[in-house]
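[1] Okay, sequence plus prediction incoming.
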Amino acid sequence: MAALSRKLRSVFKRQRREPSLWLNYFVVLLMTAFALGPIVVLFMNSVKGTAELGSNPIGFPRTFVWENYLVAWQRGNFATTLGNSSFLVVTTVLAQLTFCGLAAYSLARLNPPGGNIFMVVMLTGSTIPVWLYIVPLFMLWRDLGLLNNLWGLILLYSAGGAPFAIFLLRSFMLQIHPDFEDAARIDGASELQVLWSVIMPLAWPGFLTVGLMTALGTWSEYQLALIFVTDPELFPVTTSYAAFVGRFSRDWGLTSAAAVMLIAPVLLMFLSLQRQFIDGLTAGGVKA
């Protein structure tokens, strides 16, 4: 009996020492509800008719109107805009990874004169809002013949995201011990071969993080595309929203269906790569 009492007292003491996790679970569930709630409501509204959506804006649909997706696809010209955005995303990501990777390797390993000053100036300049120089930029693009040109948008997106991409990739490369590169150079590898065969396999989380962030930013960009492109055949997918805005009203069922089609690729891409994305961000911030 005494042994049982001692055992119970030890259990109670251990329970008092160990904090309860119920509050943590509650906070996590609350944050999850805040994050997923709007997406669930958006999907439910995308399959409602106009009358039901007005009387039941946040409830479960009584009748599923799947035709909203077909009508939204046709009215928003998604067949064209999705293709344009896919081209913008793929090309911008490739350009960012190629040129920013080369620049980051040069700053991290080749130690060019004024490299640190260049990083400070580049990061400082990236904090200036693009709207402060949008007019001269527009006039320059007009003189260069880059208006109504997807390559002009790719150049804008690549240049705008280059400072942060170079900074992040440089942080990854600084964490790699130089002995790996020295061994490759002793075997006769050139600098490009060192970058391709040694640095990239070791810094792949950084390249993946930069690629994912570039893809998300390019896919969701709206204002620059609306300013520098006026040809409807070259519009990206975000401009398809304008097709659902009437002069005095808006069809919220079609708008919700268009929103689901717009964010679905982004959600799938992020959810499939979220672990690598978070690991890349945290690992890249260890040393700069």
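    Great, that's in hand. Numbering: from 1, shown residues only.
[2] For stretch 30-47, list every residue counted as buried.
    M44, N45, S46, V47 (16 or more other C-beta atoms under 10 Å). Yep, even glycine has a C-beta here, placed from its N, CA and C like the rest.
[3] Give me the distance from that stretch to the chain's centre.
    Between the mean C-alpha point of stretch 30-47 and the mean C-alpha point of its chain there is a distance of 20 Å (C-alpha atoms, centre = their mean, to the nearest Å).
[4] I'd like to know how far the closest residue to G161 other than its chain neighbours sits from L88.
    Sequence neighbours aside, T214 is the residue nearest to G161 in space, at 5.5 Å (criterion: C-beta to C-beta, 6 or more residues apart in numbering). Taken as C-beta to C-beta, to the nearest Å, the spacing of T214 relative to L88 amounts to 10 Å.
[5] what residues are shared contacts of those two?
    Applying C-beta atoms under 8 Å, 6 or more residues apart in numbering, one finds that T214 and L88 are jointly contacted by Y157.
[6] what sits against the residue nearest to G161?
    Contacts were defined as C-beta under 8 Å, 6+ apart; by that measure T214 touches V89, T92, V93, Q96, Y157, G161, A165.
[7] What is the burial count for the fourth one?
    The tally of other residues near Q96 (other C-beta atoms under 10 Å) stands at 28.
[8] quick one: it and L212 touch, right?
    No - under the criterion of C-beta atoms under 8 Å, Q96 lies out of contact with L212, with a separation of 10.9 Å.
[9] Now the common contact residues for these two.
    Counting by C-beta under 8 Å, 6+ apart, Q96 and L212 have no shared contacts at all.
[10] that older thread, pLDDT, distance to N77 and secondary structure for the buried residues of stretch 30-47 - can I get that in TSV?
    Listed next are those as TSV, based on pLDDT from 0 to 100; distance: C-beta to C-beta, whole Å; DSSP: H, G, I helix; E, B strand; the rest coil:
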residue	pLDDT	distance to N77	secondary structure
M44	88	25	helix
N45	86	22	helix
S46	86	18	helix
V47	87	21	coil
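[11] which one of the residues you listed is nearest I117?
    Of all the buried residues of stretch 30-47, I117 sits closest to S46, with 51.1 Å by C-beta to C-beta.
[12] Quick one: which of the contacts of T214 is the most crowded by neighbours?
    The most neighbours of any of the contacts of T214, using other C-beta under 10 Å, belong to Q96, which has 28 neighbours.
[13] what about that residue, is that helix, strand or coil?
    Reducing the assignment to helix, strand or coil with DSSP: H, G, I helix; E, B strand; the rest coil, the entry for Q96 is helix.
[14] For G160, see how far away it is.
    Shown here: Q96 relative to G160, a distance of 10 Å by C-beta to C-beta.
[15] got it, and G76?
    With C-beta to C-beta as the criterion, G76 and G160 are 26 Å apart.
[16] Same check on P112?
    As for P112, its distance to G160 is 23 Å (criterion: C-beta to C-beta).
[17] Give me the more crowded residue out of the two.
    More neighbours surround G160 than the other of P112 and G160, with 18 against 10 (other C-beta under 10 Å).
[18] Relative to the whole chain's centre, how far out is stretch 103-113?
    Counting by C-alpha atoms, centre = their mean, stretch 103-113 is centred 26 Å from the centre of its parent chain.
[19] for the record, mean pLDDT for that stretch?
    When the per-residue pLDDT values of stretch 103-113 are averaged, the result is 83.
[20] Would you mind listing the buried residues in it?
    Applying a neighbour-count criterion of 16+ other C-beta under 10 Å, the buried positions in stretch 103-113 are A103, A104, Y105, S106, L107, A108, R109.
[21] what about dumping the CA coordinates of it to PDB?
    Listed next in PDB are the C-alpha coordinates belonging to stretch 103-113 (Å, rounded to 0.1, in the frame of the first residue of the first chain):
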ATOM      1  CA  ALA A 103      25.700  36.400 -59.000                       C
ATOM      2  CA  ALA A 104      25.400  34.700 -55.600                       C
ATOM      3  CA  TYR A 105      28.300  32.400 -56.300                       C
ATOM      4  CA  SER A 106      30.500  35.300 -57.500                       C
ATOM      5  CA  LEU A 107      29.700  37.300 -54.300                       C
ATOM      6  CA  ALA A 108      30.100  34.300 -52.000                       C
ATOM      7  CA  ARG A 109      33.300  32.700 -53.400                       C
ATOM      8  CA  LEU A 110      35.100  34.900 -55.900                       C
ATOM      9  CA  ASN A 111      35.200  37.900 -53.600                       C
ATOM     10  CA  PRO A 112      34.900  40.600 -56.300                       C
ATOM     11  CA  PRO A 113      36.100  44.100 -55.200                       C
END
